[in-house]
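**Student:** Provided below are the primary sequence and the corresponding predicted coordinates.
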Amino acid sequence: MRRNLRKKVQSIIKIGNPVNLCLQDGQQIAIVGDNAAGKTALVNILMGRSRLPGNPVSYDFSPSASNMVSDNIRYIEFQDAYGAAGANYYHQLRWNSVEIDEETPTAGELLQGVGDEALREELFTLFNLRPVLDKYIITLSSGELRKFHIARALLSKPRVLILDNPFIGLDAQTRDQLSDLLGRLAASWKLMIILVMSRWEVMPTFINRIIPVDDVKQPDAISRQDEIRESILSLPDKEFPKGGFYPSEEGSCILKFNNITIRYDTRTILKDFSWTVHEGERWAITGQNGAGKSTLLSLVCADNPQAYACDMEIFGHKRGTGESIWDIKKHIGYVSPEMHRSYQKNITALEVVASGLFDTVGLYMHPDSDQLERSRWWMKIFQIEDLASRSYLRLSSGEQRLCLLARAFVKDPELLILDEPMHGLDYKNMYIVQKIIYIFASRSRKTLLMVSHYASEFPPCINHKLELVRF
């Protein structure tokens with residue numbers, strides 16, 4: 001592993017021994033590169049977490065920054081709109097009970113006693129946090145929670161703020177607001193901001209230095225497209241007998257919502273919402289953060305406890321009439337940022353993919369040889385077959401996302417639900433995944449529901465659009 005780390009960092013810096021990385025006052029930096037190219041390795045070196053044996057790294061900071069050490073660096077990683085998993089992680093509302101637990105902290109309680117009072121008041125004004133201090137932390141919108149995380153990090157007066165995927169999961173308006181806020185921080189505070197990004201399309205204007213991270217091994221994403229297409233289209237069609245849980249007739253109603261209303265505390269997420277989806281339709285679901293997109297999908301997947309109080313049908317069955325959650329999940333392939341965040345099982349990448357056959361987070365049954373072969377087959381489709389024996393938790397965030405995508409496809413589901421599937425993927429992998437979705441959804445009796453904040457991520461097979469509005 002150390003040897004691989006050294007190779008990655010040498011390919012990043014592209015200079016000889018010793019490796020010199022000079023960071024100077026006034027620089028606002030973006031570290032940009034493909035998935036698994038070494039961005040996290042470089043961040044770990046900056047934070048003093050890693051050293052390169054036989055190839056020492058020296059940091060040539062300007063005089064005023066000469067005392068900068070890891071204690072003066074704050075690092076925040078975002079795997080979705082709500083931040084990173086950890087000791088201070090709270091599930092979004094759709095994954096909680098209908099009523100909010102009274103022990104759930106408010107934003108103000110989590111900030112109480114952190115930093116000095118004058119600094120807190122300054123940040124509350126700068127980030128416009130006072131209106132949310134009395135709100136439960138799980139009721140904050142993604143933009144509000146993003147500002148909360150950054151403000152809390154700044155209360156320790158860091159010299160450097162490192163934000164990994166800071167714009168992930170945010171709608172266009174919130175991305176612009178966060179970019180403007182970071183620009184004002186960079187201009188008015190003695191603060192170096194380092195952004196870690198997989199794509200260039202949301203590069204803020206205040207960035208004045210870009211450190212590209214180049215992967216020394218880049219597979220040709222285009223050369224295998226014909227092979228992938230033929231492989232997916234050659235999958236056998238399924239048969240659905242009459243009387244089974246999934247409708248036997250083609251084009252049947254797959255989902256039906258009748259005047260659904262979802263509320264948490266005083267906030268309304270969905271109001272008098274009606275929607276019908278027929279088999280074979282391919283939907284793009286859009287809307288601002290907090291408009292209810294992911295809540296809607298969690299109702300479909302039976303992961304939201306309010307689903308059983310709603311007037312809705314799935315696969316022709318009224319919800320709450322005796323069907324099991326496994327009857328529903330058997331026909332659904334699902335991936336979301338929330339799943340990515342909560343999938344913290346120390347198993348191999350192959351086992352993560354195979355867990356999709358059993359609809360479990362983790363693998364608690366022994367897959368047979370055919371099931372393992374099917375899992376390897378889908379890993380090959382997503383061009384991650386070389387990761388099969390590696391620990392899932394040691395993969396890069398982009399590699400983990402590809403494993404979870406393969407997990408969603410592994411049982412050849414009838415209903416494919418993709419909630420922000422491209423989160424954290426570089427352009428190459430985004431292209432591969434988009435093609436796979438397009439080919440898969442073109443097969444008979446396949447239905448697609450996909451959420452994204454980027455129009456460029458939707459495959460060309462989309463033929464219906466649902467735009468939700470935040471109340």
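**Tutor:** All right, it came through fine.
**Student:** how near is the spatially most central residue of the chain to Ser294?
**Tutor:** Nearest to the mean C-alpha position of the chain, by CA atoms, centre = their mean, lies Pro337 at 3.6 Å. Counting by CB to CB, to the nearest Å, the separation of Pro337 from Ser294 is 8 Å. For the C-beta atoms, the positions are set from N, CA and C on the backbone; glycine is no exception.
**Student:** my guess is Leu23 contacts Ile29, does it?
**Tutor:** Yes. Using CB atoms under 8 Å, Leu23 is in contact with Ile29, at 7.3 Å.
**Student:** sorry, back to before: which neighbours do Pro337 and Ser294 share?
**Tutor:** Shared contacts of Pro337 and Ser294, defined by CB atoms under 8 Å, 6 or more residues apart in numbering, are found at Asp419.
**Student:** picking that back up, need the overlap of contacts for Leu23 and Ile29.
**Tutor:** Common neighbours of Leu23 and Ile29 (CB under 8 Å, 6+ apart) are Met192.
**Student:** which residues are in contact with the helix or strand where Asp370 lies?
**Tutor:** Here Asp370, judged by DSSP states H and E, is contained in helix 369-381. The contact list for helix 369-381 (CB under 8 Å, 6+ apart) reads 228, 231-232, 349-350, 353-354, 356-357, 367, 385, 387-388, 403, 406, 409-410, 436.
**Student:** what subset of those is buried?
**Tutor:** Buried members of the contacts of helix 369-381, scored by 16 or more other CB atoms under 10 Å, are 228, 232, 349-350, 353-354, 356-357, 367, 387-388, 403, 406, 409-410, 436.
**Student:** ok, which pair from these is furthest apart?
**Tutor:** For these, with distances taken as CB to CB, the pair at the greatest spread is Ile228 and Pro367 (23.2 Å).
**Student:** select from the contacts of helix 369-381 every entry located in strands.
**Tutor:** Judged by DSSP state E, the contacts of helix 369-381 include no members of strands.
**Student:** does the nearest residue to Phe245 once chain neighbours are set aside belong to a helix, a strand or coil?
**Tutor:** Excluding the flanking residues, the one nearest Phe245 by CB to CB, 6 or more residues apart in numbering is Asp327, at 4.7 Å. Put simply, Asp327 is helix when judged by DSSP: H, G, I helix; E, B strand; the rest coil.
**Student:** between the two ends of stretch 284-295, how far is it?
**Tutor:** 15 Å (CA to CA, to the nearest Å).
**Student:** do stretch 288-304 as well
**Tutor:** Stretch 288-304: ends 20 Å apart by CA to CA.
**Student:** show me the contacts for Ile332.
**Tutor:** Val300, Cys301, Pro413, Glu414, Leu415, Leu416, Ile417.
**Student:** of all those, which two lie farthest apart?
**Tutor:** Cys301 and Glu414 (13.4 Å).
**Student:** okay, Leu191 and Asp176: tell me how far apart.
**Tutor:** Going from Leu191 to Asp176 by CB to CB gives 20 Å.
**Student:** more neighbours: which of these two?
**Tutor:** Leu191 (17 against 14; other CB atoms under 10 Å).
**Student:** OK, contacts around that one?
**Tutor:** Per CB under 8 Å, 6+ apart, neighbours of Leu191: Leu154, Pro158, Arg159, Val160, Leu161, Leu185.
**Student:** okay, the residues you listed in TSV with distance to Ile381 and neighbour count next?
**Tutor:** Listed next are those as TSV, based on distance: CB to CB, whole Å; neighbours: other CB atoms under 10 Å:
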residue	distance to Ile381	neighbour count
Leu154	43	22
Pro158	43	18
Arg159	45	18
Val160	40	19
Leu161	39	22
Leu185	43	19
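**Student:** most widely separated two among the residues you listed?
**Tutor:** Greatest spatial distance among these (CB to CB): Arg159 and Leu185, at 12.9 Å.
**Student:** hang on, the earlier thing: which ones among the contacts of Leu191 map onto helices?
**Tutor:** Among the contacts of Leu191, the residues falling in helices (DSSP state H) are Leu154, Leu185.
**Student:** so which residues of the stretch 1-150 of the chain form helices?
**Tutor:** 2-13, 39-46, 107-111, 117-126, 142-154 (DSSP state H, counting those that start in this stretch).
**Student:** Ser444 is nearest to which of these?
**Tutor:** Closest among these, once you apply CB to CB, is helix 142-154, at 36.7 Å.
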